[in-house]
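> Dropping a prediction and its sequence here:
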Amino acid sequence: MAEILTSIFFLFAVIDPIGTVPVFLEATKEFDAKYKKKIALRASGVAFLILLFFIVIGQLILEGMEVSLDAFQISGGVILFLFALTMIFGDGKPEKEKSQISDYKHVTIFPVAIPSIASPGAIMAVVLLTDNHTYTINEQIMTTLLVLLVIGATSLILLAATKVQDRIGSYGITVISKIMGLILAAYAVQNILSGISDYFTK
């Protein structure tokens, strides 16, 4: 049970649904409430399919390239760490992704589904959490269900985005995103250390 809660918390940190709220509100500001709901649900669905694709195919791609588990852990950890640093020290997920919006007619895919929900960090995280050499099929299925659960929670948060923004405020959302980045950084360092340790103990 503790492992499940840890995985949920980690996925929540890396997907960062609270940080997606201002991006979603900015991207959908020209639409009415009904269409905003459609965008929230569609974007969440697309994001889950993207993450599912990498859960299923990501490992096969790595094995096809003959990348060892240790190398993957280290490189994945480095990428996650750099991604976490942008969350902590950068302008923040909301401001960065809001500034990338140029076409308000196709915001469901970009930037709401990707990179706001299915971010590079989230993609790397789900591949790490479903590695065939580390986790059993049942554990990978459980992780996939947890990803679906977090995406479901994300869609609910987006459906209530205006209320969330009013309650927490832009400053509060930025602070939460930076805290999520700190948690992600710790996980990334742990992966790097594990990969190095396993490499030198073989």
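Nice, I can see it.
> Check what pLDDT Ala118 gets.
At Ala118 the predicted local confidence, pLDDT, stands at 94.
> quick thing: my sequence starts at 735, can you match it?
Okay, residue one is now 735; in that scheme the one you just asked about reads as Ala852.
> Give me the phi and psi for it.
For Ala852, the backbone dihedrals are phi -90, psi 70 (criterion: degrees, to the nearest 10).
> Is it correct that it is in contact with Leu785?
Yes. Counting by CB atoms under 8 Å, Ala852 sits close enough to Leu785 to count as a contact (5.4 Å). In this view, the C-beta of every residue, glycine as well, is placed from N, C-alpha and C.
> Show me the shaky parts of this protein.
Within the chain, the segments meeting pLDDT under 70 span 825-839, 936.
> Beyond the helix or strand hosting Met858, next helix or strand please.
Using DSSP states H and E, Met858 maps to helix 854-863. Sequence order places helix 871-893 as the next helix or strand after helix 854-863, per DSSP H and E.
> Mind giving me the packing neighbours of whichever helix or strand comes after that next one?
On the C-terminal side of helix 871-893, the closest following helix or strand by DSSP H and E is helix 895-934. Counting contacts by 3 or more CB pairs under 8 Å, 6 or more residues apart in numbering; DSSP states H and E, the secondary-structure elements packed against helix 895-934 are helix 736-749, helix 751-761, helix 803-823, helix 827-832.
> if you set the cut-off to 10 Å instead, what comes out?
Packing partners of helix 895-934 (3 or more CB pairs under 10 Å, 6 or more residues apart in numbering; DSSP states H and E): helix 736-749, helix 751-761, helix 767-798, helix 803-823, helix 827-832, helix 854-863, helix 871-893.
> Among the ones you listed, which comes closest to Thr908?
Judged by CB to CB, the one of the helices and strands packed on helix 895-934 that comes nearest to Thr908 is helix 827-832, at 6.5 Å.
> ok so, going back, highest average neighbour count across the helices and strands packed on helix 895-934: which stretch is it?
helix 751-761 (a mean of 25; mean count of other CB atoms under 10 Å).
> what's the angle from it to helix 895-934?
130 degrees (axes from the mean of the first three to the mean of the last three CA atoms, to 10 degrees).
> Can you tell me, leaving aside adjacent residues, what's nearest to Ile857?
If the residues on either side of it in the chain are set aside, Ile857 comes closest to Phe788, at 5.0 Å by CB to CB, 6 or more residues apart in numbering.
> Right, I'll leave it there.
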